[in-house]
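> I need the structure of the sequence given here:
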Amino acid sequence: INTDAEGRLVLADMLWYTKERFKPVAMLDFATLTGAIIVALGHEHAGLFTPDDDLATAVTGAGAAVGDTVWRMPLGDAYDKHIKSDIAEIKNVGRAREAGATAGAVFLQRFVGDVPWAHLDIAAMAWTSRDKGIIPKGGTGYGVRLVDRLVAERYEGAS
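Down below sits the predicted model:
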């Protein structure tokens, strides 16, 4: 439907492949998926999309502990209409400009099945134009510390 939203097609393929091939206990994806998340949250937080409350709590806590802040954004049946299509099962973009970041996440959610999953839209967080604490100007490495903390606390049992 939209060739400017090709990244979510590749990401959807990766999510499906990972789910089928590796049977993970959880999946997280990080992507500079939408400019809409910058409009919604500015450059203060990544957008966190997950239907799993426990995973949301764990990701939010891990992010807060290491300075990779997230803000949980909505998912749910009310947003399905944004990816409905008259000519396909679903489309890869939402309607007009409304709920753009959520439409991207709702699209991705179709490819994860029952695996606990979180999508982090890091469009605003992947780059900084100034030094910010331990993060120098440029690419931020956003999410590396978050995943390290999350895995240690939730999956390796460290405190």
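
> going forward, measure contacts and count neighbours with C-alpha atoms only.
Noted.

> What helices and strands are in contact with the lowest-mean-pLDDT helix or strand in the chain?
Lowest by mean pLDDT, DSSP states H and E among the helices and strands of the chain is helix 100-109, with a mean of 89. Judged by 3 or more CA pairs under 8 Å, 6 or more residues apart in numbering; DSSP states H and E, the packing partners of helix 100-109 are helix 6-22, helix 36-41.

> how about low-confidence regions in this structure?
Counting by pLDDT under 70, the ranges of the chain that qualify are 1-3, 91, 95-96, 158-159.

> in it, which spans are strands?
Ranges of strands in the chain, per DSSP state E, are 27-31, 46-49, 70-72, 117-121, 127-128, 138-139.

> To Lys81, which of these lies closest?
When those are compared by CA to CA, strand 46-49 sits nearest Lys81, at 17.1 Å.

> who does the closest one pair up with?
Note on strand 46-49: by DSSP bridges, its sheet partners are strand 70-72 (parallel), strand 117-121 (antiparallel).

> Same list, these, but as CSV with mean neighbour count and distance to Glu89 please.
Output for those, formatted as CSV (neighbours: other CA atoms under 10 Å; distance: least, CA to CA, whole Å):
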stretch, mean neighbour count, distance to Glu89
strand 70-72, 20, 27
strand 117-121, 24, 22
